[in-house]
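Engineer: Quick check, what structure comes out for this input:
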Amino acid sequence: MRCEDGREGGVRMANLGRRERLRAQMSAEVRSAARDIIRRQGVEALTLAEIARRVEVTPAALYHHFQGGLPEIVCRVAEDIVDHLVAELQSASDACPADNFAMRLIEPVRSLRRWAITHQPEFNLLFGSPSTAAGDAHGELTSAWVRRLAAVWGPVFVELWTERAYPVLAEEDMEPRLRQQMQDYRIDTGVDLPPGAMVVMLNCWRSLYGQIAMEVFGHFAPLFSDQEPMFELLMLDLMRGLDLQEQYKPPVR
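Structural biologist: Presented below is the predicted three-dimensional model:
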């Protein structure tokens with residue numbers, strides 16, 4: 001089962017027959033119920049029995065709509081979450097001037113941080129440890145959202161690299177396994193960067209994800225009541241590494 005298959009969000013209900021409309025409606029109701037459980041109680045509270053109770057069917061009936069059972073439902077819900085999240089991040093990036101590469105990278109990350117803080121159970125589903133509910137599908141789930149998020153930041157890095165290349169490790173100086181991984185990542189995501197430039201992009205993402213995750217999971221809570229200054233300092237440091245520090249703008253209050 002692949003998490004990125006079978007999404008129904010783009011289906012036009014008017015073009016479906018009665019049976020297909022009912023199936024699409026039930027699928028939407030199941031995904032909505034599952035997401036509400038995740039939002040209120042966390043992904044570990046998700047069971048077929050609880051979903052079935054909420055949509056007023058038997059647990060066995062859910063297999064008529066989701067043959068993969070609970071892991072498939074989790075994947076479908078994750079796709080819905082990623083759809084909304086990616087649209088929000090892309091909108092934040094698109095609202096910035098085209099020639100301000102720093103803010104086109106920073107604003108979606110700010111949006112991601114705000115979303116993560118206010119949607120902790122959903123953040124945990126996408127970015128946290130593998131869940132029992134997702135089962136063996138967790139790897140596919142993770143691969144799916146990584147590709148979607150790469151579509152937000154990747155094109156900006158490609159434009160930046162084309163217009164004002166930033167310092168990178170020479171390809172011949174890279175450890176062969178790392179070089180191959182970067183080439184594989186380029187093929188998988190479609191982000192057309194040389195291996196050294198790809199490493200820089202992924203290092204930026206790794207640093208930002210780590211900062212957001214530590215805040216969301218409360219690792220800094222006893223020490224810092226307001227973690228935004230630390231977050232902004234990290235982004236400014238990353239922009240310096242890209243020689244974009246002059247484009248950085250602090251958040252509007």
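Engineer: going forward, measure contacts and count neighbours with C-alpha atoms only.
Structural biologist: Noted.
Engineer: what helix or strand is residue 82 on?
Structural biologist: Under DSSP states H and E, the secondary-structure element containing residue 82 is helix 70-94.
Engineer: burial of residue 226, as a residue count?
Structural biologist: Other residues lying near residue 226 total 11 when counted by other CA atoms under 10 Å.
Engineer: Look at it and give its secondary structure.
Structural biologist: Of the three states, residue 226 takes coil under DSSP: H, G, I helix; E, B strand; the rest coil.
Engineer: same thing with residue 234?
Structural biologist: Going by three-state DSSP, the state assigned to residue 234 is helix.
Engineer: What residues does it make contact with?
Structural biologist: Contacts here follow CA atoms under 8 Å, 6 or more residues apart in numbering; on that basis residue 234 touches residue 208.
Engineer: how many other residues sit next to residue 78?
Structural biologist: The burial metric for residue 78, expressed as a neighbour count using other CA under 10 Å, is 24.
Engineer: Show me which residues of the helix or strand that the helix holding residue 82 is followed by are buried.
Structural biologist: Counting by DSSP H and E, the next helix or strand C-terminal to helix 70-94 is helix 101-118. Residues of helix 101-118 classed as buried: 101-113, 115-116 (neighbour count, 16 or more other CA atoms under 10 Å).
Engineer: Run through who's touching the helix or strand just after helix 101-118.
Structural biologist: Per DSSP H and E, the first helix or strand lying C-terminal to helix 101-118 is helix 120-127. Taking CA under 8 Å, 6+ apart as the criterion, the residues outside helix 120-127 that touch it are 38-43, 78, 81, 116, 131, 141-142, 145, 216.
Engineer: Helix 120-127 versus helix 101-118: what angle between them?
Structural biologist: Inter-element angle recorded for helix 120-127 and helix 101-118: 120 degrees (by axes from the mean of the first three to the mean of the last three CA atoms, to 10 degrees).
Engineer: C-alpha coordinates for helix 120-127, CSV please?
Structural biologist: What follows is helix 120-127 as a C-alpha-only set of coordinates in CSV (Å, rounded to 0.1, in the frame of the first residue of the first chain):
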residue,chain,number,x,y,z
GLN,A,120,0.9,19.2,18.0
PRO,A,121,-0.9,15.9,17.5
GLU,A,122,-0.9,16.3,13.7
PHE,A,123,2.7,17.4,13.7
ASN,A,124,3.5,14.3,15.7
LEU,A,125,1.8,12.2,13.1
LEU,A,126,3.8,13.6,10.3
PHE,A,127,7.1,14.4,11.9
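Engineer: and it with helix 70-94, angle?
Structural biologist: Here helix 120-127 points in a direction 100 degrees away from that of helix 70-94 (the same axes, to 10 degrees).
Engineer: Excluding chain neighbours, give the residue nearest to the most centrally placed residue in the chain in space.
Structural biologist: For the chain, residue 145 is the residue whose C-alpha lies nearest the centre (CA atoms, centre = their mean; 4.7 Å). Using CA to CA, 6 or more residues apart in numbering and skipping the chain neighbours, the partner closest in space to residue 145 is residue 82 (6.5 Å).
Engineer: Low-confidence regions, the protein specifically.
Structural biologist: In the predicted model of the chain, residues 1-16, 129-138 satisfy pLDDT under 70.
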